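*Asks:* got a predicted structure plus its sequence, pasted below:
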Amino acid sequence: MRRRGSEVSIGELRRGDAVRVHWLDASEVTSSLPEGEHLYDTPIRSYGVFLGVKGRRTKHLVIAKEVITHERTFHYNVIPLGMVEKVVLLNPSDLDENLLRHLSKKVRETPVKKFKVGWRGGWMRWV
C-alpha cells in the first residue's frame, strides 16, 4: 500500500515520488581495521525524487537530489539495488527535525571559505 511516510517496495515506486532511501555505501578505511563487525557498515539516508531503475550489469535505483531549474540540470544519485535496505515515501513529518536543526546550525556557523573546502572532501561533521 502506498501511504506517505510508509516503507514501499521499489516496484511500487512511480517516477516523481519523493523518497528517503536507506542503503549501505562502500567505505574506505584510512587507519587500522575496525574490530567490531558493525563498524564496517556505512548506513546512508538519501532524500530525492525517484527517476527509475537503470543498469545493464546490475540494477540501480536513480534519484534526483538537486535540480537547478534555470539551467535545466540536476544532480542525481545512483544506488545499487543490492545495497538498498528500504525505501520510504516522504511525508513532511518524516523529516528528522533534530537532524535538520543541527545541520542548519552548522551551515550558519561555518565560514564560507571552510564550507567550500569542506572536511574530507566536502563532508562536514554536524555533531
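*Replies:* Thanks, I have the structure now. The structure presented is a predicted model; accordingly, all values stated were derived computationally and were not measured.
*Asks:* drop to CA atoms for contacts and neighbour counts, all remaining ones
*Replies:* Will do.
*Asks:* which stretches of this protein have low pLDDT?
*Replies:* Judged against pLDDT under 70, the low-scoring parts of the chain cover residues 92-95, 100, 107, 111-127.
*Asks:* for it, longest strand please?
*Replies:* strand 43-54 (DSSP state E).
*Asks:* who does the helix or strand following that one touch, helix- and strand-wise?
*Replies:* The first helix or strand that comes after strand 43-54 along the chain, using DSSP states H and E, is strand 60-68. In this structure, strand 60-68 packs against strand 43-54, strand 73-80, with contacts taken as 3 or more CA pairs under 8 Å, 6 or more residues apart in numbering; DSSP states H and E.
*Asks:* tell me the buried residues in the longest one?
*Replies:* Think strand 43-54. Neighbour-count burial for strand 43-54, counted by 16 or more other CA atoms under 10 Å, picks out 47-53.
*Asks:* do the last one as well
*Replies:* Residues of strand 73-80 classed as buried by neighbour count (16+ other CA under 10 Å): 76-77, 79-80.
*Asks:* center of this protein, which residue is that?
*Replies:* For the chain, the residue lying nearest the average C-alpha position, counting by CA atoms, centre = their mean, turns out to be residue 46 (1.5 Å).
*Asks:* my reading is that residue 34 lies in a strand. Confirm?
*Replies:* No - Residue 34: not assigned to a strand; according to DSSP: H, G, I helix; E, B strand; the rest coil it is coil.
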